[in-house]
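Undergrad: please work out how this folds:
(chains A, B, C and D)
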There are 4 protein chains.
Amino acid sequence: MKHAMPLPSYLVKRYNGWKATTYAENSVWYQRLADEGQRPRAMIISCCDSRVHVTSIFGADQGEFFIHRNIANLVPPCKPDGDIHGTSAAIEYAVTALHVTNLVVLGHSGCGGVKGCHDMCSGKAPELEEKSSFVGRWMDILRPGFERVSQLEQETDRVRALEKEAVLVSLENLMSFPFVKDAVDQQKLSLHGLWHDIGKGGLEYYNKDTGEFASV
Amino acid sequence: MKHAMPLPSYLVKRYNGWKATTYAENSVWYQRLADEGQRPRAMIISCCDSRVHVTSIFGADQGEFFIHRNIANLVPPCKPDGDIHGTSAAIEYAVTALHVTNLVVLGHSGCGGVKGCHDMCSGKAPELEEKSSFVGRWMDILRPGFERVSQLEQETDRVRALEKEAVLVSLENLMSFPFVKDAVDQQKLSLHGLWHDIGKGGLEYYNKDTGEFASV
Amino acid sequence: MKHAMPLPSYLVKRYNGWKATTYAENSVWYQRLADEGQRPRAMIISCCDSRVHVTSIFGADQGEFFIHRNIANLVPPCKPDGDIHGTSAAIEYAVTALHVTNLVVLGHSGCGGVKGCHDMCSGKAPELEEKSSFVGRWMDILRPGFERVSQLEQETDRVRALEKEAVLVSLENLMSFPFVKDAVDQQKLSLHGLWHDIGKGGLEYYNKDTGEFASV
Amino acid sequence: MKHAMPLPSYLVKRYNGWKATTYAENSVWYQRLADEGQRPRAMIISCCDSRVHVTSIFGADQGEFFIHRNIANLVPPCKPDGDIHGTSAAIEYAVTALHVTNLVVLGHSGCGGVKGCHDMCSGKAPELEEKSSFVGRWMDILRPGFERVSQLEQETDRVRALEKEAVLVSLENLMSFPFVKDAVDQQKLSLHGLWHDIGKGGLEYYNKDTGEFASV
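TA: Alright, predicted model coming up:
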């Protein structure tokens, strides 16, 4: 691998600061986590977006949350065809090996992936329709959600609604995995849908009784 | 979606604490990030493991790093076949839309996914060889790495070496994406391989000159 | 301009070292900063004193902080009289053009400018009272602060208190700029007062609830 | 002062990292600097721009450089009229109290202040001509430089040349201060003009023999 470069100095400086403070103060816990392995209580699926920090929002400490982050916090439908499915692998490991008790899908405002899906489904981003577009094919997961919001008149309303559909479509797809459905049916796992407002610092959860998102 | 449950109280409590402190102190910045969009400097690919917090290790604040987390921080080879590829989509978005300047693959000690790959390739985990095993099929990405470490006598040595191979295989696969190769060739992107020791709080980087990992 | 000399060799040597290391490792980021322009999160007003390095204390990397440094980290009152006001220009640019979200005034221990102000106001430095003394006229900004500390008996106490007054007077004067007041009122900007102990490496912030400085 | 807020957590984290590493390793030197006062070798006048770090470029350690930073690294002409002149005060202190031996004016590429001056002098930024514009009045210092570059046909050439004029005008104005002229004449102080290319990491100095800037 002849292309790897040394770590940039600003990251080395940051790491050295962490090592001398947070690590030094908690080294006993970190060593125990290393010796005994992880035992996370929840899995959280959130977006790669640099503005969404589940570790910050939930004050996550080392060992607490098993976190999968992908574009637009999407879960594809279960498709055990022998191909590579990274999100499905993460869910399988969390539920069947780690036995997490909560599985949270965390959507957010201003999601670039969701906006791309909206534009693609509206015919405004033909480049995303191409077979070679990894982002386009990934956002195909959200097409069923677009159909449910396409009747909204204002684009800003449609995009916002689609951000929440990204959470709902993912929750629906989660139930297509037999091991998720079994764990939910046996009350060993509960599913949660959240949507985070980056600018206002807001957090809403999906209320299955009303079918709406509401502030936590 | 009739299975979603309200957010557990321990997460609501954590969120409320964050909202009243970190958010309150930085709301101006968060609102600006919401208004202007993200402009992250680096993409970091790390493991879902609850013990690996890149936001902590690098003191990441909101808006700084675009973070993709999957099992064993793996990057599959580029395969633009029209199927769903979440990791490839995340990399495409980071490099072509966000123009990140650094792409860091962060491996770690005690990785459950890597251990599973080792056992599968050693014939000790036949269940992972099944077509329906999402974790097994995902860890297939690392098989070329196993071949390079299989001659090591001690299992602990093989597993440790395989954790570092997970970084190297991913760096190699990254170069199979035309948009990554182009950005690297045009000196618009640099790649970095890291391995983190959870218990000791250590951090090593891949040194292409020696072909070994060394402390940062 | 017939008086300019070549750069001294010790600075050339330092620069060459930086170019071959820090620059080389981060050239992609520097080129991107050049192409896209700066987007700093905060403005910091600190002293010219060679012992006060905000870039060191806050691990500042290129592109992060808009930094104005003058004698004793002072902000004069807003006076739009058509004359030259360098500090006011820097603040205007940071707030109205760059939209920084935090404005930090950083005072420090052992400040020569503050000591000069103390001596001038105590009648012990008549040369600073002369019209032609640039330092004296600049330190006039801090005279209202001296009145508030002049009752302290010990000179060392008065000087130390005056160092902190330099921060408070500046924060007060900042609010006399309409664009600062508007941004603060609209919650687009927050102001912060700090005092740094050079020898002990300490950092205190002004706590508006107690009216005192306290460790961060 | 009822508007001051606590220090944002990301700055507290950065400070704690510095305290536990750089400070801890050098506390003896910092304490000595606090006890004995500063004794800087050079004064550097550079821009507030977040992308220009003289402490980085010259590997500056605590105590080495007396640094004044303002918009576009400008020095106004000597005008001892009893009004407030921050830049003049900083120069007076550096030369007459600290006896620095080198005085460096460091310009840079992509300077927003210089671009504003160019637009103002070209009639394209009437808002900067208003009496109440602090940035406009500050950039008046550079008007004589604009006249010398106005004949260049291409705007990019004019702006680049004006960035270098900002250095030359400042060097000229420096000689209007009697204490600077005396120190230069007595060979106790040397002046240096530099221009820094942010993207390429370049550094040029003004060569008085050729009247051009050349790589150091």
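Undergrad: most proximal residue of chain A with respect to chain D?
TA: residue A:17 (2.1 Å; Cβ to the nearest Cβ). Placement of C-beta: from N, CA and C, glycine included.
Undergrad: state the helix or strand in which that residue lies.
TA: Secondary structure here is read from DSSP states H and E; on that basis residue A:17 sits in helix A:9-18.
Undergrad: can you give me the helices in chain A?
TA: For chain A, applying DSSP state H gives helices covering A:9-18, A:24-36, A:54-57, A:86-92, A:112-121, A:126-129, A:134-139, A:143-149, A:155-174, A:178-185.
Undergrad: save these as TSV, and put in distance to chain B too.
TA: Formatted as TSV, these follow (distance: least, Cβ to the nearest Cβ, whole Å):
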stretch	distance to chain B
helix A:9-18	5
helix A:24-36	3
helix A:54-57	5
helix A:86-92	4
helix A:112-121	7
helix A:126-129	10
helix A:134-139	4
helix A:143-149	11
helix A:155-174	5
helix A:178-185	6
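Undergrad: nearest to residue B:174, out of these?
TA: Relative to residue B:174, the nearest member of those by Cβ to Cβ is helix A:134-139, separated by 13.1 Å.
Undergrad: any idea how far that closest one is from the middle of the chain?
TA: The chain centroid and the centroid of helix A:134-139 are separated by 15 Å, computed with Cα atoms, centre = their mean, to the nearest Å.
Undergrad: quick one: list the elements packing against that helix.
TA: helix A:112-121, helix A:126-129, helix B:86-92 (3 or more Cβ pairs under 8 Å, 6 or more residues apart in numbering or on different chains; DSSP states H and E).
Undergrad: before we move on, back to that, so how far is residue D:109 from the residue nearest to the residue of chain A closest to chain D when sequence neighbours are not counted?
TA: Distances taken as Cβ to Cβ, 6 or more residues apart in numbering or on different chains place residue D:17 nearest to residue A:17, at 2.1 Å, with adjacent residues excluded. Taking Cβ to Cβ, to the nearest Å as the measure, residue D:17 and residue D:109 are separated by 31 Å.
Undergrad: the more surrounded of these two?
TA: When neighbours are counted by other Cβ atoms under 10 Å in any protein chain shown, residue D:17 comes out ahead of the other of residue D:17 and residue D:109, with 25 against 19.
Undergrad: surely the more buried one touches residue A:16?
TA: Yes. In this structure, residue D:17 sits in contact with residue A:16. The criterion is Cβ atoms under 8 Å, and the distance is 7.2 Å.
Undergrad: with adjacent residues omitted, what lies nearest to the most centrally placed residue in chain A?
TA: What sits nearest the mean C-alpha location of chain A, by Cα atoms, centre = their mean, is residue A:46, with 2.2 Å. Of all residues not flanking residue A:46 in the chain, residue A:106 sits nearest, at 4.1 Å (Cβ to Cβ, 6+ apart).
Undergrad: was I right to think the one you found contacts residue A:43?
TA: No. The pair residue A:106 and residue A:43 fails to qualify as a contact (Cβ under 8 Å) at a distance of 10.9 Å.
Undergrad: any stretches of chain A with poor pLDDT?
TA: Low-confidence segments of chain A, defined by pLDDT under 70: A:1.
Undergrad: hmm, 80 instead?
TA: Counting by pLDDT under 80, the low-confidence segments of chain A come to A:1-2.
Undergrad: can you tell me the residue of it closest to chain C?
TA: Checked against chain C (Cβ to the nearest Cβ), the nearest residue in chain A is residue A:10, 4.2 Å away.
Undergrad: number of nearby residues for the residue nearest to that residue when sequence neighbours are not counted?
TA: If you skip the residues right next to it in sequence, residue A:10 has residue C:61 as its closest partner in space, 4.2 Å away by Cβ to Cβ, 6+ apart. Using other Cβ under 10 Å as the criterion, residue C:61 is surrounded by 22 other residues.
Undergrad: do the same with residue A:171
TA: Using other Cβ under 10 Å, residue A:171 has 23 other residues around it.
Undergrad: please verify my assumption that it contacts residue A:193.
TA: Yes. If you go by Cβ under 8 Å, residue A:171 and residue A:193 touch, sitting 5.2 Å apart.
Undergrad: quick check: the nearest residue to residue A:90 once chain neighbours are set aside vs residue A:194, distance?
TA: Sequence neighbours aside, residue A:68 is the residue nearest to residue A:90 in space, at 4.2 Å (criterion: Cβ to Cβ, 6+ apart). Relative to residue A:194, residue A:68 is positioned 14 Å away (criterion: Cβ to Cβ).
Undergrad: how far away from the center of its chain is stretch A:7-21?
TA: If you compare the mean C-alpha spot of stretch A:7-21 with that of the full chain, they lie 27 Å apart, counting by Cα atoms, centre = their mean.
Undergrad: buried residues in that stretch?
TA: Under the neighbour-count criterion of 16 or more other Cβ atoms under 10 Å in any protein chain shown, stretch A:7-21 has A:7-8, A:10-21 buried.
Undergrad: same check on stretch A:151-161?
TA: Using 16+ other Cβ under 10 Å as the burial criterion, the residues of stretch A:151-161 that qualify are A:158-161.
Undergrad: any idea how many residues pack against residue A:213?
TA: Here the count is done by other Cβ under 10 Å, and residue A:213 has 20 residues near it.
Undergrad: residues touching the nearest residue to it once chain neighbours are set aside, list them.
TA: Setting aside the residues directly before and after it, residue A:213 is nearest to residue A:204 in space (Cβ to Cβ, 6+ apart), at 4.1 Å. Counting by Cβ atoms under 8 Å, 6 or more residues apart in numbering or on different chains, residue A:204 touches A:194-197, A:213-216.
Undergrad: pretty sure residue A:162 is touching residue A:117, no?
TA: Yes. Counting by Cβ under 8 Å, a contact exists between residue A:162 and residue A:117, whose distance comes to 6.6 Å.
Undergrad: joint contacts of these two?
TA: Each of A:142, A:145-146 lies in contact with both residue A:162 and residue A:117 under the rule Cβ under 8 Å, 6+ apart.
Undergrad: domain ranges for chain A, per the record?
TA: Chain A is divided into the following domains under automatic domain parsing: A:1-37, A:38-215.
Undergrad: stretch A:186-198 near chain D anywhere?
TA: No. On the criterion Cβ under 8 Å from any Cβ of the partner chain, stretch A:186-198 is out of touch with chain D, staying 15.8 Å away.
Undergrad: distance between that stretch and the chain's centre?
TA: Between the centre of stretch A:186-198 and the centre of its chain there are 11 Å (Cα atoms, centre = their mean).
Undergrad: buried residues in that stretch?
TA: Buried-residue list, stretch A:186-198, by 16+ other Cβ under 10 Å: A:189-198.
Undergrad: got the CA coordinates for that stretch in CSV?
TA: Once side chains and other backbone atoms are set aside, the C-alpha atoms of stretch A:186-198 remain, and they are given as CSV (Å, rounded to 0.1, in the frame of the first residue of the first chain):
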residue,chain,number,x,y,z
GLN,A,186,-39.9,-11.8,22.1
GLN,A,187,-39.6,-8.3,23.7
LYS,A,188,-35.8,-8.6,23.7
LEU,A,189,-35.4,-5.6,21.5
SER,A,190,-37.2,-2.3,21.0
LEU,A,191,-37.0,-0.1,17.9
HIS,A,192,-37.0,3.7,18.0
GLY,A,193,-37.2,6.4,15.3
LEU,A,194,-35.7,9.8,16.0
TRP,A,195,-35.2,13.0,13.9
HIS,A,196,-32.7,15.6,15.0
ASP,A,197,-32.9,19.3,14.2
ILE,A,198,-29.3,20.4,13.8
